[in-house]
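Visitor: what's the 3D shape of this:
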Amino acid sequence: MYCFFQKYGYTHLSAGELLRDERKNPDSQYGELIEKYIKDGKIVPVEITISLLKREMDQIMGANAQKNKFLIDGFPRNEDNLQGWNKTMDGKADVSFVLFFDCDNEICIERCLERGKSSGRSDDNRESLEKRIQTYLQSTKPVIDLYEEMGKVKKIDASKSVDEVSIPILP
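Guide: Okay, the predicted model is just below:
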């Protein structure tokens, strides 16, 4: 799917992947903290996540100034993330839209459990996933609702099979 976005000039950045990579870095001052938050299904402090996203964006644009459109996967996750993003990225980045993959919680859990058979991710277990759903409902959904009020949400029915999910044409 992410090659679809590349076709439209977007570089995919996964906040979760950046956090997992940082967690594995033996020189990271944040590794243990990130691990604890991820395992508990909690949201990593905004300063850490934004610093990783900004560092990656700066590196990509430093190597090629034309690569200035990003699909940021899994961020912002709560109001604190949104405020941190707005404060740090004000005048540096514009959020054009939010892709919302709408899917039943049990389907999401089953898909993540299946992924967990080969992912090696510490949070691909039912207990962590159920905590993540509660965190989503309490913290992330209000942010999506806010973007929806601004007319910036592109909703996608993700309950279908991977081959059946269609992505709207992007700007």
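
Visitor: now Lys54: which helix or strand?
Guide: helix 46-63 (DSSP states H and E).

Visitor: can you list contacts of that helix?
Guide: 11, 13, 15, 18-19, 22, 30, 33-34, 67-68, 70, 72, 75, 80-81, 83-85, 88-89, 93 (CB atoms under 8 Å, 6 or more residues apart in numbering). Where you see a C-beta, it was placed from the backbone N, CA and C, and this is true even at glycine.

Visitor: is it fair to say Phe101 lies in a helix?
Guide: No - counting by DSSP: H, G, I helix; E, B strand; the rest coil, Phe101 falls outside a helix, being strand.

Visitor: does it really touch Ala158, like I thought?
Guide: Yes - counting by CB atoms under 8 Å, Phe101 touches Ala158, with 3.8 Å between them.

Visitor: the helix holding Lys54: how far from the chain's middle?
Guide: 14 Å (CA atoms, centre = their mean, to the nearest Å).

Visitor: following it, which helix or strand comes up?
Guide: Criterion used, DSSP H and E; the element after helix 46-63 is strand 69-73.

Visitor: which residue packs closest to Gly41, ignoring adjacent ones?
Guide: Lys131 (3.0 Å; CB to CB, 6 or more residues apart in numbering).

Visitor: from Asp123, how far out is that neighbour?
Guide: 9 Å (CB to CB, to the nearest Å).
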